[in-house]
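[1] Build the 3D model from these lines:
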Amino acid sequence: MHLVVDRVPTDPVVAEMVEGLAVAVPDGTVCVELVDGGDTVAAGQTVAGLALAQGPAGRVVAHDVASADGDPGPWPDGSDDCFCVARSRTGVLVVGPNAGWTWAAALTGLTPLFRIDVTAAGAPPHAAGRLAVAVRHAVGGHPHTVASAIDPRGVPVRRHA
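    Reported below is the predicted structural model:
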């Protein structure tokens, strides 16, 4: 399992996220991939590289990167903060919030994107705990996990000039 975050390695939240994900997927090893604070573009490129690459079956890419000023989100327009899930064509499960550019680079290589039953903001547990719950629900295939499909036209795709 890979965790893409925008925190410094010594931030105690990183350790909490790793611990929560290890509990959510007990047979997995969590590898932390760091990006600069609020850099959802770099996070998106990292997510895409991990999700779209060939590798062993059963891989998971979880991401939690704060949106910077000027980043889109939550999307699609009119949506609340939530976690989303999709599977890459290489079989990787991707889980993360619906904000910023984090999904943009991988979008064309993913099966349909779904909103799942875990909010990305709000009352406790805080973000670290909510990400672990979202991953646990997605990996476990709980029948109530998928709340609704997300039209890919509502997902912001960063266009380069």
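[2] Send over the helix or strand hosting His63 as CSV, restricted to the C-alpha atoms.
    Using DSSP states H and E, His63 sits within strand 60-64. Output of strand 60-64 as CSV, limited to C-alpha atoms (Å, rounded to 0.1, in the frame of the first residue of the first chain):
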residue,chain,number,x,y,z
VAL,A,60,-3.8,0.2,-2.8
VAL,A,61,-2.9,3.9,-3.3
ALA,A,62,-4.4,6.2,-0.6
HIS,A,63,-3.9,9.9,-0.8
ASP,A,64,-4.6,12.8,1.5
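[3] Mind listing the strands it pairs with, and their directions?
    With DSSP bridges as the test, strand 60-64 is paired with strand 2-5 (parallel), strand 93-97 (parallel).
[4] Deepest in the core, which of those is it.
    strand 93-97 (a mean of 26; mean count of other CB atoms under 10 Å). For every residue, glycine as well, the C-beta is placed using N, CA and C.
[5] now what about that one, what contacts it?
    Identification of contacts with strand 93-97 by CB atoms under 8 Å, 6 or more residues apart in numbering yields 4, 47, 51, 59-65, 73-74, 81-88, 102-103, 106, 110, 116, 120, 131, 134-135, 138-139.
[6] where in this protein is pLDDT low?
    Where the chain drops to pLDDT under 70, the residues are 122-127, 142-145, 159-161.
[7] Tell me which residue lies nearest the centroid of it.
    The centre of the chain sits closest to Gly96, judged by CA atoms, centre = their mean, with a distance of 1.9 Å.
[8] how far away is it from Ser67?
    As for Gly96, its distance to Ser67 is 12 Å (criterion: CB to CB, to the nearest Å).
[9] How about Leu110?
    Applying CB to CB to Leu110 and Ser67 gives a distance of 20 Å.
[10] can you check Thr102 too?
    Distance of Thr102 to Ser67, given as CB to CB: 9 Å.
[11] More neighbours: which of these two?
    Neighbour count, other CB atoms under 10 Å: between Thr102 and Ser67, Thr102 has more, with 31 against 19.
[12] Next, that one: phi, psi?
    Phi and psi for Thr102, reported as degrees, to the nearest 10, are phi -60, psi -30.
[13] from what I can see it touches His63, true?
    Yes: at 5.4 Å, Thr102 counts as touching His63 under the criterion of CB atoms under 8 Å.
[14] Now the common contact residues for those two.
    With CB under 8 Å, 6+ apart, Thr102 and His63 have common neighbours Val4, Ala43, Val47, Gly96.
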